[in-house]
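> Predicted model follows, preceded by the sequence.
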Amino acid sequence: PTGVDPVLEVDDVKVHFGGVKAVDGISMKLMPGMIHGIIGPNGSGKSTLIGAMTRLTRLTSGRLLFDGEEYQNASAAVVARKRVARTFQTVRLLPDLTVLENIQLGADARADDKSGNVLTRLLGKQISPAVRDAVSRTNLEGFEDFYPSELSYGTQRRVEIARAIATGPRLLLLDEPTAGMNQKERAEISALLQSLRTDGLCQLLVEHDVQMMIDTCDHVYAMNFGRLIAEGTPTDVVRSPQVQEAYLGR
Ligand code: ADP
Ligand code: MG
């Protein structure tokens, strides 16, 4: 709707690695309360774009604006304090910490949480409300004291999402969160992401599964060779000739 400002604006962003134009002039406006999707063949620059948005990857050129404020030269730590959270394409949980401790690490990253670090709180057996909330939203009750290696892949993914939610994000970037999941697990993640819309959370989901994309996303961007080739509703994008050609070589 008009009058609503984007949470994140990406303005003509390029990320080149030598001669490889991984991201080559992308512009987007990511809106509050909406789930945005990115589809694209392997190597089309999706993860690099997310890396640029979180400032883990250096931009070659272009601008990034969070709440209208440029941050393309800010550090990754400053970006995290803006309450931008992400999950990675491969699960990155700390293997020697329990589910609850892993999620608590997310809550500890909150700028507004002054109740101490993970160790002091765990020694005092205090679990912050943000952690409780993240556990319940991701249906992880009963798994709190498990270690990541004891969990199925789908459950590990939910722990990662819980950790990201526990940071209290305004923008959540999810890089292929359902890779390696079965249909039932995908549907659970889809329902979870949709339930987060109500808080005005802005989400960006990199997803390969077309059905998951259609079920979950409000607005989809299609990438190929570092560029946008289509944008719009999920069904329109999937049906667009450019996307058909990129995937099927037609
Ligand atoms: P996607 O996530 O869409 O599969 P990536 O963003 O991972 O694509 O990669 C886009 C392109 O950039 C690929 O050609 C990849 O090999 C290249 N690339 C990614 N990261 C680097 C890097 N650190 N150095 C050099 N090339 C990279
Ligand atoms: Mg990727």
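Looks like it came in fine. Numbering: from 1, shown residues only. Ligands and ions are numbered 1, 2, ... in the order given.

> show me what contacts the closest residue to residue 71 other than its chain neighbours?
Closest residue to residue 71 apart from its sequence neighbours, by C-beta to C-beta, 6 or more residues apart in numbering: residue 64 at 5.5 Å. Placement of C-beta: from N, CA and C, glycine included. By C-beta atoms under 8 Å, 6 or more residues apart in numbering, the contact list for residue 64 reads 8-11, 13, 52-53, 55, 70-72.

> cool, residue 228 as well?
Counting by C-beta under 8 Å, 6+ apart, residue 228 has contacts 26-28, 221-222.

> ok, the strand or helix carrying it: who's next to it in the sheet?
Take DSSP states H and E as the rule and residue 228 turns out to sit in strand 227-232. Strand 227-232 sits in its sheet next to strand 219-224 (antiparallel), going by DSSP bridges.

> which regions of the protein lie under the pLDDT threshold?
Applying pLDDT under 70 to the chain flags the ranges 1-2, 110-126, 248-250.

> Skip the chain neighbours and tell me the closest residue to the residue positioned nearest the centre of the chain.
For the chain, the residue nearest the mean C-alpha position is residue 173 (1.7 Å; C-alpha atoms, centre = their mean). Residue nearest to residue 173 in three dimensions, not counting chain neighbours: residue 86, with 4.0 Å by C-beta to C-beta, 6+ apart.

> Secondary structure of that neighbour: a helix, I assume?
No - using DSSP: H, G, I helix; E, B strand; the rest coil, the assignment for residue 86 is strand, not a helix.

> In CSV, list the contacts of residue 64 along with secondary structure.
Shown next, in CSV, are the contacts of residue 64 (three-state DSSP):
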residue, secondary structure
8, strand
9, strand
10, strand
11, strand
13, strand
52, helix
53, helix
55, coil
70, strand
71, coil
72, coil
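
> which one of those is nearest residue 97?
residue 55 (25.4 Å; C-beta to C-beta).

> Surely the closest one touches residue 71?
Yes - the pair residue 55 / residue 71 is scored as a contact, 7.3 Å apart, by C-beta atoms under 8 Å.

> who's in contact with the residue nearest to residue 173?
50, 54, 164, 172-175.

> Specify the local secondary structure of residue 140.
Per three-state DSSP, residue 140 ends up coil.

> Does ligand 1 have contacts with the host helix or strand of the residue nearest to the centre of the chain?
Per DSSP H and E: residue 173 is located in strand 171-175. No - judged by C-beta under 6 Å from any ligand atom, strand 171-175 stays clear of ligand 1, getting no closer than 7.3 Å.

> What are the contacting residues of whatever helix or strand comes next after that strand?
As assigned by DSSP H and E, the chain's next helix or strand after strand 171-175 is helix 183-196. Contact with helix 183-196 is made by 35, 137-139, 154, 157-158, 161, 165, 172, 174, 177-178, 181, 203, 205, 209, 212, 215-216, as judged by C-beta under 8 Å, 6+ apart.

> Dump the C-alpha coordinates for helix 183-196 into CSV.
Extracted C-alpha coordinates of helix 183-196, given in CSV (Å, rounded to 0.1, in the frame of the first residue of the first chain):
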residue,chain,number,x,y,z
GLN,A,183,6.9,-32.0,2.5
LYS,A,184,5.5,-32.0,6.1
GLU,A,185,8.5,-30.2,7.5
ARG,A,186,8.2,-27.6,4.7
ALA,A,187,4.6,-27.0,5.4
GLU,A,188,5.5,-26.4,9.1
ILE,A,189,8.1,-23.9,8.2
SER,A,190,5.7,-22.2,5.8
ALA,A,191,3.1,-21.9,8.6
LEU,A,192,5.7,-20.6,11.0
LEU,A,193,6.9,-17.8,8.6
GLN,A,194,3.3,-16.8,7.9
SER,A,195,2.6,-16.6,11.6
LEU,A,196,5.4,-14.1,12.0
